[in-house]
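Engineer: I would like the atomic coordinates for the input below:
(chains A, B, C and D)
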4 protein chains.
Amino acid sequence: MIKVGIIGATGYAGAELARLLLQREDVEIVWYGSRSYVGEDFASIYRNVSHLVEEPCKDDDMAKLSEIADVIFTATPQGFCASQVTEEILSRTKIIDLSADFRIKDAEVYEQWYKLKHPTPQFLPEAVYGLPEINREKIKEARLVANPGCYPTCSFLTLYPMVKEGLIDTDTIIIDAKSGTSGAGRSAKVPSLYCEVNESMKPYGVASHRHTPEIEEQLSYAAGRPVTISFTPHLVPMNRGILATIYGTLTKPVTAEEVKAAYDKYYEKEYFIRMMEPGMVPQTRWVEGSNFVDIAFQIDPRTNRLVMMGAIDNMVKGAAGQAMQNMNLMFGLPENTGLKQIAVFP
Amino acid sequence: MIKVGIIGATGYAGAELARLLLQREDVEIVWYGSRSYVGEDFASIYRNVSHLVEEPCKDDDMAKLSEIADVIFTATPQGFCASQVTEEILSRTKIIDLSADFRIKDAEVYEQWYKLKHPTPQFLPEAVYGLPEINREKIKEARLVANPGCYPTCSFLTLYPMVKEGLIDTDTIIIDAKSGTSGAGRSAKVPSLYCEVNESMKPYGVASHRHTPEIEEQLSYAAGRPVTISFTPHLVPMNRGILATIYGTLTKPVTAEEVKAAYDKYYEKEYFIRMMEPGMVPQTRWVEGSNFVDIAFQIDPRTNRLVMMGAIDNMVKGAAGQAMQNMNLMFGLPENTGLKQIAVFP
Amino acid sequence: MIKVGIIGATGYAGAELARLLLQREDVEIVWYGSRSYVGEDFASIYRNVSHLVEEPCKDDDMAKLSEIADVIFTATPQGFCASQVTEEILSRTKIIDLSADFRIKDAEVYEQWYKLKHPTPQFLPEAVYGLPEINREKIKEARLVANPGCYPTCSFLTLYPMVKEGLIDTDTIIIDAKSGTSGAGRSAKVPSLYCEVNESMKPYGVASHRHTPEIEEQLSYAAGRPVTISFTPHLVPMNRGILATIYGTLTKPVTAEEVKAAYDKYYEKEYFIRMMEPGMVPQTRWVEGSNFVDIAFQIDPRTNRLVMMGAIDNMVKGAAGQAMQNMNLMFGLPENTGLKQIAVFP
Amino acid sequence: MIKVGIIGATGYAGAELARLLLQREDVEIVWYGSRSYVGEDFASIYRNVSHLVEEPCKDDDMAKLSEIADVIFTATPQGFCASQVTEEILSRTKIIDLSADFRIKDAEVYEQWYKLKHPTPQFLPEAVYGLPEINREKIKEARLVANPGCYPTCSFLTLYPMVKEGLIDTDTIIIDAKSGTSGAGRSAKVPSLYCEVNESMKPYGVASHRHTPEIEEQLSYAAGRPVTISFTPHLVPMNRGILATIYGTLTKPVTAEEVKAAYDKYYEKEYFIRMMEPGMVPQTRWVEGSNFVDIAFQIDPRTNRLVMMGAIDNMVKGAAGQAMQNMNLMFGLPENTGLKQIAVFP
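Structural biologist: Residues are numbered from 1 along each chain as shown, chains lettered A, B, ... in the order given. Coordinates of the predicted model:
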């Protein structure tokens, strides 16, 4: 039985993690941490677990939690995990951080985009970027995993084989991404109200969204040289789902078969990545509630561009599901343990 | 390994059944029946199972299917199951019919509300109304189970203890029910188009909906005398979920504790029924994707009425989940096998 | 040119009023009052009027506003209007209050349901309940109009002829009402977030909603004796629209023609009330954005009940549109001036 | 009084046109043409005009209609208008065609993208592309106006000043556009069902959408040389609204002020174009139900790209509103007659 603690359990990502973990029989949640709801029953806040969870919420004392937990998930605002983690804690327990604190190797880049001084840059070198399809072996050995952002997961996985194989010119990459509203979190703000979001669509963080350097760093590793991209996120009136439509100029003439082969080279054995047949497009509904990534592409001979399209559930593969996938690896379990859910439709 | 066949697998209820069954390791789906899509890959129609199902759709030959299946689910239009079922088929396999064909014991009542002559009334006596919380023992022995309608499941379970205990006057029962749009099925009709349903709400089938006699029959068994009700369904702009708001005049002064005790008398040990604390109200989101029924009530001393409220997922407890719950009983399995999903939120 | 001031202009109802008034050429808005946004451009908060309104928001000084406005609309929380209004203000300007302060004649009933001591009960006798279809002549002479609540407008207009004509037993009236989310206002609360409301439905204020005594008072006038009702509001995932489904036991056998005739007796000449043909049901989409009330009914001979159904746009006929309708009457203008908008569809 | 005929009045665009025209006092609709509903009351199909329109639907006999109408709107499938129009009809009446038949000057290009042989290419030279902000003077004199497509209207207006002024490299233009579901029309198809569209998002027509050549043709005129673009439309779960996010590489270093000045040079006096302040982004809700175009931009110095964003209501500025704007010009009326509606919010 793996003993798990969640700090930030009452945010959307934390609660999704709880939901996924509760459906497993080899895991016990020993700590529902929630600064806002200390002492209140977790099930009174998330009534989907009514009659299933009887625990009250606890505080966010990571040191104390590390004494009883085999693994701690931090689904907390930027800066929290980095400010709490210590060598002592890491010697006792594993940490999977769903915030951005340890995703970016260069503390200066982190500070520039997040406007926060990184409190514990000494842990940056050992932190592993938790994208199992790319860093599987490192994750298995990690004490500290930086769980990727939702947009980076979708964008990078859709791009990776194309960049790795040099099929597209990395100077031309434009990512136009669309997300459901759960990505905005559960805090009470006017722009997140039902009546403001429903029946509308808007871009946000244009040319300035914090996921940009995270995507660029990973693409740079794949390309073997620095990559700079355009990234524009949009808010869509739906609860879950990210769709990334990505444009890149082809470096040479290719056939659909060649592009497909390049994807297959990296993804053929990946359980969670589903390459679609030629001519198909991904749709967020087909992955909603699941840990799958659906990827398709279209060659546009008129413009010599490749249009790549990827879809994930931002709460699952984009957050809690991927965190659990990382946990599975860190504990030597089959990677898809507890993650075989099929998207709910309709 | 239980071998399962689904006839009507490409309707919403049939596909939901497939989704639930596919997540089990003790079940094998041997037949995806779909008259409209014979020969097409099931996964090309329901892409949530892309890469997971490789079977093509087959026809609706129940006799042939009965030779290989341990149980057949019919998620088909009214009249299909009744027109196909034979003693020979029933001697070989179990049938769980998701249509209304065997729900109503009196063939005349069926014919009056469904405008169909019942082709095989000889099987009506043995068919068991598949509401496990009420008919558990009979279901265990049944060859032919009539899976209840979505509105009846929600309405009747919310009402049952109150009627059984005589707390409300059965002449005063009014059921005002609201359903997500998946209840309208997957057929291409203008009133089911996104732009027609979104941002709107309407009643339908006022004083004439076919689920009325089904609810009345079950209430009559509980009351021990004929019960006639008002039932008004409404279409709500959401995919899933049924909420029933039910009104009844109290037969005597009661406290909330007494009402609660009456519910507990019948439901305390029921895994899938969750009585809410006093003052709470059910919300369809907390059961969406799960097989739970959330029930609450409010005494209104000003009018001497009891307001009872129940919520289910119409696709799960209201159709496919309940069908699988029945299957579990029929095969001697724990009733909640494969049905412990927690509602997805948000 | 009618000079208009709005206090509470940045709430949803106040902004809707601004929108409707701005589309008129005989009205000038001289004051956009908003305590929260004093000094900020109104158009920076409601960007639908970008480039059309250049005024900043002002405070809520009703006395000062009364010196320049011909009419003041207060779209403010309960208690504000009643705490500000004075004889001096009323001698200078007309007031249309969109809050509940002057809707209920009996200050004790107000205090009991609103948990507020009424600060100026001396104005209660002269305040006119602003339902033009019922109180047209009184409104024309009024200085102070209490604009009806959204649920009461829809519920009462749907019920009025039936109660007035004695066709239904007033002891049996049950109103099951459903509202879009704009009714919850623009304040930032978790339960109003997109992800909480979307894909869900719930009842609220069961047996305790504040609109209950308002509906009962008006029904009592119509019936000529005290009426007590059951009223249950529900939250629906849509922006606008109220649908009221109302049940009442018939006092005598009637035909659809007789019921229709009773409605026509009161509404035949009403521009904003549209009786639907027999067998039709109202749908909120057909009135969204308009000041119309769509009403239909169904006789249920099995239960001897009449099911009455009404639909309005809660922001228009349920708030701002009706307020403007009242203004038209108070200024001797045709009642539908500026209110001929046809519902936007889809 | 302008006598207007609509052919295709029961599609979404035709019905929107009817709605807008009905709210004018200087226009009379003399013909509601609808092949599918001949003889049925228009108001029985679009109940938002219940009690306001008493006309039945008529056929699509354009010649007969031309005898009584001053202007004919064809909101019909591709090929209809071109197959019906004759010199005789044009000598009697003006035509505003909402289909694509006369938008593309080169009949071969039309045939290639629309897979239809153009039946009357002789009228292509005189047809005027009905984008008033660009072709105002020509529209005033036109007999035959080709009303632009929804995506082209939004995309081109957002791009025009940048291309005209040479601020962006036309070889780098990528248009990622998102549309509400009304753009898919009112035909009953499974992919347009509520349950298929809701809670999902998908691209479609990738690298092959028919609006591509229309946008390219207009951009080529502006650039003075052939322009080829990438254009990807997406389906969004909302009724109305188009958002275009457009990327182009800057041809030289520019400041936000210079970009703004370039937009102002063309749009400062345009009533329907609203340039947003620096840092703002458009949102479809702020234009929904109105004829406005909201435009914003962001310079991305990291990539040397300009991100341009435009939002319209696809049914109004993208179809019926623009058609009426064209009509106003053709009849010598102020361009915004009947088009001053402010977006409904929320």
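Engineer: and the residue nearest to the spatial centre of chain A, what does it touch?
Structural biologist: The residue lying closest to the centre of chain A (CA atoms, centre = their mean) is residue A:318, at 3.1 Å. Listed by CB atoms under 8 Å, 6 or more residues apart in numbering or on different chains, the contact partners of residue A:318 are A:149, A:150, A:151, A:153, A:154, A:183, A:242, A:312. Any C-beta I mention is one placed from the backbone N, CA and C, and that applies to glycine too.
Engineer: pLDDT wise, what is the nearest residue to it once chain neighbours are set aside at?
Structural biologist: Among residues not flanking residue A:318 along the chain, residue A:150 sits closest, at 3.1 Å (CB to CB, 6 or more residues apart in numbering or on different chains). pLDDT, residue A:150: 98.
Engineer: what sits against residue A:150?
Structural biologist: Neighbours of residue A:150 in contact, by CB under 8 Å, 6+ apart: A:179, A:183, A:211, A:242, A:312, A:314, A:318, A:319.
Engineer: do you know how far it is from residue D:203?
Structural biologist: 19 Å (CB to CB, to the nearest Å).
Engineer: Which parts of chain A are helices?
Structural biologist: A:12-22, A:42-45, A:62-66, A:80-84, A:87-92, A:107-114, A:132-141, A:150-164, A:194-197, A:211-223, A:256-267, A:321-330 (DSSP state H).
Engineer: Do any residues in the last one lie close to chain B?
Structural biologist: No. Contact of helix A:321-330 with chain B (CB under 8 Å from any CB of the partner chain) is absent, the minimum separation being 11.7 Å.
Engineer: now that helix: mean pLDDT?
Structural biologist: So the average pLDDT for helix A:321-330 ends up being 98.
Engineer: Provide the contact partners of that helix at residue level.
Structural biologist: The contact list for helix A:321-330 (CB under 8 Å, 6+ apart) reads A:2, A:4, A:16-17, A:20-21, A:71, A:73, A:94, A:96, A:98, A:130-132, A:136, A:139-140, A:142, A:145, A:147-148, A:153, A:272, A:290-291, A:313, A:315-316, A:333-339.
Engineer: Residue A:295 pairs with what?
Structural biologist: Taking DSSP bridges as the rule, residue A:295 bridges to residue A:275, residue A:310.
Engineer: quick one: the residue in the stretch 51-200 of chain A that chain B sits nearest to from residue B:295, how far?
Structural biologist: Residue nearest to chain B within the stretch 51-200 of chain A (CB to the nearest CB): residue A:51, separated by 4.7 Å. Distance from residue A:51 to residue B:295, counting by CB to CB: 12 Å.
Engineer: Same check on residue A:48?
Structural biologist: In this view, residue A:48 and residue B:295 are 15 Å apart by CB to CB.
Engineer: Adding distance to residue D:300, write the helices of chain A out as a markdown table.
Structural biologist: Output for the helices of chain A, formatted as a markdown table (distance: least, CB to CB, whole Å):
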| stretch | distance to residue D:300 |
| --- | --- |
| helix A:12-22 | 29 |
| helix A:42-45 | 40 |
| helix A:62-66 | 38 |
| helix A:80-84 | 28 |
| helix A:87-92 | 38 |
| helix A:107-114 | 14 |
| helix A:132-141 | 27 |
| helix A:150-164 | 16 |
| helix A:194-197 | 26 |
| helix A:211-223 | 10 |
| helix A:256-267 | 28 |
| helix A:321-330 | 29 |
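Engineer: For the stretch 201-346 of chain A, give me the ranges with low pLDDT.
Structural biologist: The model of the stretch 201-346 of chain A has no residue with pLDDT under 70.
Engineer: residue contacts, residue A:128?
Structural biologist: So residue A:128 contacts A:135, A:138, A:139, A:141, A:142, A:144, A:145, A:146 (CB under 8 Å, 6+ apart).
Engineer: Would you mind splitting chain A into its domains for me?
Structural biologist: A:2-126, A:151-313 (automatic domain parsing).
Engineer: So which of these is nearest residue D:237?
Structural biologist: domain A:151-313 (5.5 Å; CB to CB).
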